[in-house]
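Colleague: Structure here, sequence nowhere to be found:
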């Protein structure tokens, strides 16, 4: 009894501290967060804010949420703050000071539960989206009662990786909240207020959801002629995200590479790129009208390339019908050395201004 | 003097091209090196290459040298070729290795040509001594460099053929295998394949008194459940319609360590071998790959197996055979009817079948695991592997069943090597990303184990008198010959959607939907070939549709099929009947034994040894 009252006192002090903290910090924070939406229904209550950095630029969104999580006539309150990026992609959650997330029997979440919840909420492809809550709780209870049943075992096991035992309802409710209306509101807010500066910031952000989105915006608006925007896009090709770079090289319009300077830059980038991206850049080269400098690189590059790369180089060369004399003679040299003979013959035949001597030689060869 | 390691040959009369030149030739098979050091023997592509090869599977750590002595009858200048490949030519792979002859290192680095196909690489002219010469293979990376054979000839024009079929002839000639295989004997039942189904088939038949040979192409038994692959046993043995079936599966079951457990002992390789060795009626032949059959009309007369290391050939004659290879290799060699890939809805009437038939199969897993250590460790960058970024990578310290390649992108039999290599490129590329970009989470984790033997899910299905379908399963059809109870869901994997987005056409990560089933019973007629008169089958290659296979394929269920085949072979032998006649004429006898072997016969007395 004595112990309990001691805890009660500590609890009250803690509660007072918690209550006083928002008031204390609120003024500071308020400068960096702008309320954009509030909602209050029977099952959900939240205030949603746009977060700004110190220079007043938008940084992300957060919402202070209250929702009761109910299961078989028993409800417990869940207080949680969610954070999204500027496009409404869920980033993380935090539990407000003084509040707790609990499992069945009111056991509080421990650190590993929090880690797991963060993992679950971050997984946009979670199996949770394929199940109704009744199915989940049913199966988890069955598991508790009967142990893992081999007939349904696989299904159970799959789902168990996607939820926290004893907190299935919370996981489910929060997963849907993280990618529901609030996320949509966040994205809509950014789309409404987007500007050239923001696109540029997005391209340079290193945050791939922003980068994909900004690339699409620039290309649909046709603003790739804007030097700053196109330079920012091209830098992505040199970045660490191989998937983004591969996507970009596929969607970039050919006009971006219409100058000699850009083509030289593209070749240099290719030389420093990862193999898979190199292959994608070769495919791009195939579609371009290339300057002689690059045509040379293709012709000479054949000697060092592996068979798969050679096929790409030869395909790119096949589309070049304006080779100069020196290049035509190099192709002839390869042909006479028995290197890539069918491709070199084809390449020479399709030249608009084929050197007369070469023409003669090809004709005599044919005879 | 080792016959296999050297052959002195005269080319006179051997070929029409160079009739005037006589030359000395020596072929050294990599897998026959006396000391394989840290290199491993890989026979998974035997049905393509007609040979095993050596591979430096060190998970990024250089493996110990492999070495051997080679006897040359004549000393002098020899030209040397090495049959190897660049397994990850993006643009060049990591599988570099060097060779040393009589302690002199050859300059050339092999395995990094940028060319993925196996071929002979010229290694220059080398002075060889008469008598013994030493040969050493030095791994340079620990990343799966490999070689098939080394060839010496006194003529520089004598580069060996690269055609696998022609090369088989040359191998046989130079290895002295032209006199035919060594006779092992005549058996009642020869079981080819020592996975769960093959092992239980052999044990069950042997305990009924049949003389059995069990032929397995790895050094261990258990197949996908062995420590080489580490898939756990699934399917239930406790809800059987005939509860006595499954007892041998229980004996072999070493407990459930999950998939890809880093502790190899948990999979019980020794337990399995000891149980088999305790059977006086079983002649066990590990490391032997069956690659040829002798037919007598529609019956198999004998099978020929080759030792995956020494290349010694063996012949097994038998009254009955059981194809427990998983790939349906024996049935295929014998000309058994088979299917591979998916049937169409129109063909089978199954709601889960594909709209149009195709060659899609479930994939192959190379499981792996890391362990947390007390010290931090590095892992190299792997530019030749699959590449990952913060946008997409698999954020886990070990593999489970989802790590899987195939799905119609590769043929699970003829492209088994490419599938394994693709799995390795996914594993190493992802691990390199985790170690180098997510150090906070992974710096204390070290790769403990990566499988180099692929865990195959699906290949050929041999056709029997009955083809099990989805309807059989879902309607719970109880046929008079229903014998093996199956319980697993219809579990047909497909590429994970996110993995497909980033690796379309080269997916390595799977998803599945489990279609629940009630326990149902597989008819005996799915366990023998409809057109090869003395051929049984057990395991994943029994007679089912692709959809039904999705449920029958798990290993406890496969093990019970093996038990049933053992009993059926006994009934067949006792009545001098074919597998089919066991159904048409002796079904009651067979089903009584399925109910319990003690039902109608007392256990036979063990033969005196």
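Modeller: Alright, I've got the coordinates. As the structure is a prediction and not an experimental result, all values here were calculated from the model.
Colleague: make it CA atoms for all contacts and neighbour counts henceforth
Modeller: Noted.
Colleague: Let me know the pLDDT of the closest residue to residue A:200 other than its chain neighbours.
Modeller: Of all residues not flanking residue A:200 in the chain, residue A:229 sits nearest, at 6.0 Å (Cα to Cα, 6 or more residues apart in numbering or on different chains). Residue A:229 is assigned a pLDDT of 95 by the prediction.
Colleague: count of residues packed around residue A:229?
Modeller: Applying the criterion other Cα atoms under 10 Å in any protein chain shown, we find 21 residues in the vicinity of residue A:229.
Colleague: Can you name the residues that contact it?
Modeller: Contact analysis of residue A:229 by Cα atoms under 8 Å, 6 or more residues apart in numbering or on different chains lists A:199-200, A:203, A:218, A:223.
Colleague: Distance check, the residue of the stretch 151-300 of chain A found nearest chain B against residue A:91.
Modeller: Distances between the stretch 151-300 of chain A and chain B by Cα to the nearest Cα are smallest at residue A:241, namely 5.2 Å. Here the criterion is Cα to Cα, to the nearest Å. By it, residue A:241 lies 19 Å from residue A:91.
Colleague: what about those two, which has more around it?
Modeller: Neighbour count, other Cα under 10 Å: between residue A:241 and residue A:91, residue A:241 has more, with 19 against 16.
Colleague: And for the more buried one, nearest residue in space, chain neighbours not counted?
Modeller: residue B:389 (5.2 Å).
Colleague: Tell me which helix or strand the one you found sits in.
Modeller: With secondary structure defined by DSSP states H and E, residue B:389 is part of neither a helix nor a strand.
Colleague: Verify the stated contact: it with residue A:239.
Modeller: No. Between residue B:389 and residue A:239 there is no contact, the gap being 10.2 Å when judged by Cα atoms under 8 Å.
Colleague: who's more crowded, these two?
Modeller: The neighbour count for residue B:389 versus residue A:239, taken as other Cα under 10 Å, is higher for residue B:389 (16 against 12).
Colleague: Got phi/psi on that one?
Modeller: With angles defined as degrees, to the nearest 10, residue B:389 sits at phi -150, psi -180.
Colleague: tell me which strands and helices the helix or strand bottoming out on mean pLDDT in chain B is in contact with?
Modeller: Per-element confidence for chain B was summarised using mean pLDDT, DSSP states H and E. The lowest value among helices and strands belongs to strand B:510-515, with a mean of 93. With contacts defined as 3 or more Cα pairs under 8 Å, 6 or more residues apart in numbering or on different chains; DSSP states H and E, strand B:510-515 has these neighbours: strand B:490-495.
Colleague: Flag every buried residue along stretch B:430-438.
Modeller: Buried positions in stretch B:430-438, judged by neighbour count with 16 or more other Cα atoms under 10 Å in any protein chain shown: B:430-436.
Colleague: about what we covered before: note down every partner strand of the least confident helix or strand of chain B and its orientation.
Modeller: strand B:490-495 (antiparallel) (DSSP bridges).
Colleague: could you point out which element follows the strand it pairs with?
Modeller: Downstream of strand B:490-495, the first helix or strand assigned by DSSP H and E is helix B:497-502.
Colleague: residue ranges with poor pLDDT in chain B?
Modeller: Residue ranges of chain B with pLDDT under 70: B:1-22, B:600-609.
Colleague: for residue A:98, helix, strand, or coil?
Modeller: Using DSSP: H, G, I helix; E, B strand; the rest coil, the secondary structure recorded for residue A:98 is coil.
Colleague: List phi and psi for it.
Modeller: With angles defined as degrees, to the nearest 10, residue A:98 shows backbone torsions of phi 90, psi -10.
Colleague: ok, it - how many residues close by?
Modeller: Residue A:98, neighbours per other Cα under 10 Å, totals 13.
Colleague: how close does the nearest residue to residue B:519 once chain neighbours are set aside sit to residue B:594?
Modeller: Using Cα to Cα, 6+ apart and skipping residues adjacent in sequence, the residue nearest residue B:519 is residue B:487, 4.6 Å away. For residue B:487, the distance to residue B:594 under the criterion Cα to Cα works out to 18 Å.
Colleague: before we move on, what about residue A:270?
Modeller: 66 Å.
Colleague: Between the two, which has more neighbouring residues?
Modeller: Under the criterion of other Cα under 10 Å, the comparison of residue A:270 against residue B:594 puts residue B:594 first, with 24 against 19.
Colleague: Tell me who's in contact with the more buried one.
Modeller: Contact criterion Cα under 8 Å, 6+ apart gives B:242, B:244-245, B:483, B:564, B:567 as the residues in contact with residue B:594.
Colleague: what about 10 Å?
Modeller: For residue B:594, the contacting residues are B:241-245, B:481-484, B:563-564, B:567-568, B:588, taking Cα atoms under 10 Å, 6 or more residues apart in numbering or on different chains as the criterion.
Colleague: and if you look at residue A:353?
Modeller: Counting by Cα under 10 Å, 6+ apart, residue A:353 makes contact with A:321-325, A:328, A:359.
Colleague: wait, isn't the residue nearest to residue B:519 in contact with residue B:551?
Modeller: Yes. Here residue B:487 reaches residue B:551: they are 7.4 Å apart, a contact under Cα atoms under 10 Å.
Colleague: which residues do these two both contact?
Modeller: B:235, B:473, B:516-517, B:557.
Colleague: what residues does the stretch 301-450 of chain B put near chain A?
Modeller: The stretch 301-450 of chain B comes close to chain A at residues B:383-392, as judged by Cα under 10 Å from any Cα of the partner chain.
Colleague: out of those residues, who's nearest chain A?
Modeller: For these, the residue nearest chain A by Cα to the nearest Cα is residue B:389; the value is 5.2 Å.
Colleague: ok, that closest one touching residue A:207?
Modeller: No. With contact taken as Cα under 10 Å, residue B:389 and residue A:207 are classed as non-touching, separated by 11.6 Å.
Colleague: Common neighbours of those two, please.
Modeller: Overlap of the contact sets of residue B:389 and residue A:207 (by Cα under 10 Å, 6+ apart) consists of residue A:241.
Colleague: quick check: domain ranges of chain B?
Modeller: Using automatic domain parsing, the domains assigned to chain B come out as B:25-174, B:182-336+B:460-476+B:522-595, B:364-456.
Colleague: Pick the most deeply packed of these.
Modeller: Each of those was assessed for mean neighbour count using mean count of other Cα atoms under 10 Å in any protein chain shown. The highest is domain B:182-336+B:460-476+B:522-595, with a mean of 23.
Colleague: related to what we said a few turns ago, just the buried residues of the helix or strand containing the residue nearest to residue A:200, please?
Modeller: Take DSSP H and E as the rule and residue A:229 turns out to sit in helix A:227-237. Neighbour-count burial for helix A:227-237 flags A:229-234, A:236-237 (criterion: 16+ other Cα under 10 Å).
Colleague: Please verify my assumption that the residue of the stretch 151-300 of chain A closest to chain B contacts residue B:391.
Modeller: Yes. With contacts defined as Cα under 10 Å, residue A:241 counts as touching residue B:391 at a distance of 7.1 Å.
Colleague: Between these two, which contacts overlap?
Modeller: Both residue A:241 and residue B:391 are in contact with A:207-208, where contact means Cα under 10 Å, 6+ apart.
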